[in-house]
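Visitor: the sequence isn't on hand, but the structure is:
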């Protein structure tokens with residue numbers, strides 16, 4: 001009985017670890033390419049843009065630390081896109 005309990009606990013831990021690994025976001029600024037027109041003009045964000053903003057939200061602070069990306073990610077239009085998409089802008 002104890003062995004079965006330990007095996008079940010081990011299996012649950014492995015399953016939880018697998019779920020967390022599969023839900024990890026790959027931070028790649030190119031993922032935000034569907035948002036370029038909305039971030040650089042007054043164009044409204046597309047559904048694809050909004051889904052990418054939500055997906056990449058955990059990465060935005062990392063992008064803000066990059067001098068080459070900061071001017072785009074921290075622009076008023078980028079903040080407007082995030083707000084329009086219902087994604088709170090992070091406080092880094």
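Guide: Right, received. Where do you want to start? Since the model is a prediction, treat every value here as computed from it, not as a measurement. Residues are numbered from 1 along each chain as shown.
Visitor: so who does the residue nearest the centre of the chain touch?
Guide: The chain has residue 56 as the residue nearest its centroid, 2.2 Å off, counting by Cα atoms, centre = their mean. Neighbouring residues of residue 56 by Cβ atoms under 8 Å, 6 or more residues apart in numbering: 25, 27, 31-32. All C-beta atoms are positioned from the backbone trio N, CA, C, and that covers glycine.
Visitor: what about it, distance to residue 24?
Guide: With distances taken as Cβ to Cβ, to the nearest Å, residue 56 is found 12 Å from residue 24.
Visitor: cool, and residue 35?
Guide: Note on residue 35: its distance to residue 24, by Cβ to Cβ, is 21 Å.
Visitor: for residue 50, same thing?
Guide: Taking Cβ to Cβ, one finds residue 50 at 21 Å from residue 24.
Visitor: of the two, who's got more company?
Guide: The neighbour count for residue 50 versus residue 24, taken as other Cβ atoms under 10 Å, is higher for residue 50 (20 against 8).
Visitor: residue 86 is in contact with that one, correct?
Guide: Yes: the criterion here is Cβ atoms under 8 Å, and residue 50 meets it with residue 86 at 7.4 Å.
Visitor: downstream of the helix or strand of the chain with the lowest mean pLDDT, the next helix or strand is which one?
Guide: Each helix and strand of the chain was given a mean pLDDT (mean pLDDT, DSSP states H and E); the minimum falls on helix 2-22 at a mean of 35. Heading C-terminal from helix 2-22, the first helix or strand you meet, by DSSP states H and E, is helix 36-40.
Visitor: quick one: contacts of that following helix?
Guide: Residues from elsewhere that reach helix 36-40 (Cβ under 8 Å, 6+ apart): 32, 43-46, 49, 72, 75, 77-78, 81.
Visitor: at 10 Å what do you get?
Guide: The list of residues contacting helix 36-40 from outside it, by Cβ atoms under 10 Å, 6 or more residues apart in numbering, reads 32, 43-46, 49-50, 53, 72-73, 75-82, 84-85.
Visitor: can you list the low-confidence ranges for the protein?
Guide: 1-23 (pLDDT under 70).
Visitor: can you name the next helix or strand after the helix or strand residue 51 falls within?
Guide: Using DSSP H and E, residue 51 maps to helix 47-56. Next along the chain after helix 47-56, taking DSSP H and E as the criterion, comes helix 60-64.
Visitor: many thanks, have a good one.
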